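Colleague: dropping a prediction and its sequence here:
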Amino acid sequence: MPTVSAPPTASQVPDASRSRTLQLLGLLCGFTAGAWLGTAEAPTKLVSVGVSPMVISLIMVIGVFLARWSLPALILGTSSIRADVRRAPHLIIWAVLAGCIWAVANTLTIFAIRDIGLSIAFPLWNSNSLLGIFWGFLFFNELRQAGARRWAGVLGGALIMCFGGALLAIASATQAPAAHSMRGVWAALGAGILWGTMYIPYRKAYLTGMNPLSFVTFFTFGELGMMTALAVTYIGLAPLWQELLRARDVLFWLMLGGFIWVIGDVFQQYAAKYVGISRGIPLSNSNQLWGLLWGILVFGELHGLGASTYVQVIGGSLLMMAGVGAIAFSSATGREQLQWKEAAQRESQRYGVSADYVQARMQGRQAANEAKPSRSALDWVLVFGATCIFVFFATMARAPRMSFHGLPALILSAAILVLLSVCGLALWRTTRFQ
């Protein structure tokens with residue numbers, strides 16, 4: 001007679017109380033990521049004043065590059081990055097690959113914003129949530145033995161998001177000329193596919209124990225290299241230089257957008273680490289609500305259009321947010337967390353990484369034999385150098401001539417700073433940014 005395995009008890013799941021705390025932290029990181037990622041896309045509205053999409057994406061990536069080296073150096077120091085590389089050098093390749101995918105996806109979003117607007121493009125490229133759920137289940141044991149109620153929450157939320165996205169795609173026809181609206185829709189959906197696939201390297205890195213701050217540092221080499229190649233190929237070296245000179249008054253705002261994006265991405269990385277990509281990515285895709293707020297309140301998108309368009313855009317966004325909520329609160333149970341542990345063991349055995357190190361990092365702690373991170377003179381040089389570059393471009397910056405409402409922008413900016421403070425403090429107290 002076949003035996004039936006008993007369900008896991010709390011003692012069989014490593015530090016169950018700690019796991020619950022980390023899941024709550026992952027939820028908070030996901031929502032904070034959404035706020036900052038949504039705000040980071042606001043400077044891309046400069047495409048509406050004639051700046052080339054390639055120039056916008058390239059300069060944003062330069063801002064990203066500066067932030068990805070200076071922020072980790074400021075928070076933990078490069079000693080932590082070097083230690084991670086020694087333990088899991090194979091992850092450098094995965095990080096660079098993820099960066100290349102991101103650069104292409106980000107460029108597609110610029111074209112989408114040009115053709116269909118920020119408030120509509122956002123929810124369309126957030127179809128990456130669906131791929132995140134699929135890849136998490138297929139490769140990393142997410143949602144395995146999660147139970148019918150949690151499966152219903154995740155899949156039901158995904159279906160609601162699809163329906164909301166369909167409403168927004170229909171509404172896009174009223175936001176742009178008919179010849180361009182579908183081109184923008186396809187660009188946004190293409191970005192969603194690429195970003196959804198990009199999260200595979202994320203999860204591999206964190207199951208193996210790499211610190212998110214280390215991963216994003218090498219991620220940026222792929223971003224900058226791919227984006228430079230795209231810009232030179234698409235425009236040409238000499239014309240690209242001329243476009244940069246013509247756009248020098250707004251380069252600072254684009255670099256600032258890249259810097260803001262990195263802050264959001266760091267929180268997204270921690271969300272992916274502590275609640276998985278099948279939940280963390282939909283959570284961070286709450287950026288669509290922030291994109292809607294910036295697009296409508298600050299930049300006046302949809303102004304003068306009919307009530308039916310507002311109903312479609314706002315209703316579609318709210319439906320997608322309801323789907324995100326259903327997915328987010330279908331938290332992982334003890335059975336599913338055991339499946340996560342098996343996936344982590346598989347990764348550690350495949351690449352020869354210490355099981356104790358992997359387990360400690362999954363719990364947001366340092367391993368027993370791991371040196372405490374410290375900052376060196378090199379770290380302060382990196383921070384100082386990045387600051388000087390931003391200050392230099394800020395001295396040339398001018399406010400672009402475009403529709404812009406200051407009070408809503410101020411309120412939204414204050415809100416994301418509050419989220420940054422709360423979530424950053426929670427991460428420090430709980431994990432010391434591990």
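Modeller: Yep, it's here.
Colleague: what residue is smack in the middle of the chain?
Modeller: Asp265 (4.1 Å; Cα atoms, centre = their mean).
Colleague: wait, that residue touches Gly34, no?
Modeller: No - contact between Asp265 and Gly34 fails when scored by Cβ atoms under 8 Å: they sit 11.3 Å apart. C-betas here are computed from N, CA, C, even on glycine.
Colleague: for the nearest residue to Glu142 once chain neighbours are set aside, give me the pLDDT.
Modeller: Nearest non-adjacent residue to Glu142, counting by Cβ to Cβ, 6 or more residues apart in numbering: Gly136, 3.6 Å away. The predicted local confidence for Gly136 comes out at a pLDDT of 77.
Colleague: contact partners for Gly236?
Modeller: By Cβ atoms under 8 Å, 6 or more residues apart in numbering, no residues touch Gly236.
Colleague: how far away is it from Leu382?
Modeller: The gap separating Gly236 from Leu382 is 32 Å, by Cβ to Cβ, to the nearest Å.
Colleague: before we move on, what about Ser421?
Modeller: When distances are taken as Cβ to Cβ, Ser421 and Leu382 turn out to be 24 Å apart.
Colleague: more crowded one of those two?
Modeller: It is Leu382, of Ser421 and Leu382, that has more neighbours when counted by other Cβ atoms under 10 Å, with 21 against 11.
Colleague: returning to that earlier point: so what's the residue nearest to Glu142 up against?
Modeller: When contacts are counted by Cβ under 8 Å, 6+ apart, Gly136 touches 142-143, 199, 203, 276-278.
Colleague: which one of those is nearest Phe221?
Modeller: Lowest distance from Phe221 to the contacts of Gly136 (Cβ to Cβ) belongs to Tyr199, with 18.5 Å.
Colleague: which element is the closest one on?
Modeller: Here Tyr199 sits within helix 178-207, counting by DSSP states H and E.
Colleague: show me where the stretch 1-150 of the chain has helices.
Modeller: Counting by DSSP state H, counting those that start in this stretch, residue ranges of the helices within the stretch 1-150 of the chain are 16-40, 53-75, 78-87, 91-116, 118-125, 128-140, 148-171.
Colleague: whoops, I mixed them up, the stretch 301-434 of the chain
Modeller: 307-328, 334-351, 355-362, 377-396, 406-431.
Colleague: low-confidence ranges in the stretch 51-200 of the chain?
Modeller: Low-confidence segments of the stretch 51-200 of the chain, defined by pLDDT under 70, are located at 118-119, 122, 145-147, 149, 151, 162, 165-166, 168-180.
Colleague: let's have the helices of the stretch 301-434 of the chain in TSV, adding mean pLDDT.
Modeller: Output for the helices of the stretch 301-434 of the chain, formatted as TSV (pLDDT from 0 to 100):
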stretch	mean pLDDT
helix 307-328	75
helix 334-351	74
helix 355-362	77
helix 377-396	91
helix 406-431	92
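Colleague: so which of those comes closest to Leu254?
Modeller: Nearest to Leu254 among those is helix 377-396 (9.1 Å), distances taken as Cβ to Cβ.
Colleague: quick one on the thing from earlier: of the helices of the stretch 301-434 of the chain, which approaches Trp294 most closely?
Modeller: helix 406-431 (6.5 Å).
Colleague: report the distance from that closest one to the chain centre.
Modeller: For helix 406-431, the distance between its averaged C-alpha position and the chain's averaged C-alpha position is 16 Å (Cα atoms, centre = their mean, to the nearest Å).
Colleague: go on, stretch 358-378?
Modeller: Averaged C-alpha coordinates place stretch 358-378 at 23 Å from its chain's average position (Cα atoms, centre = their mean).
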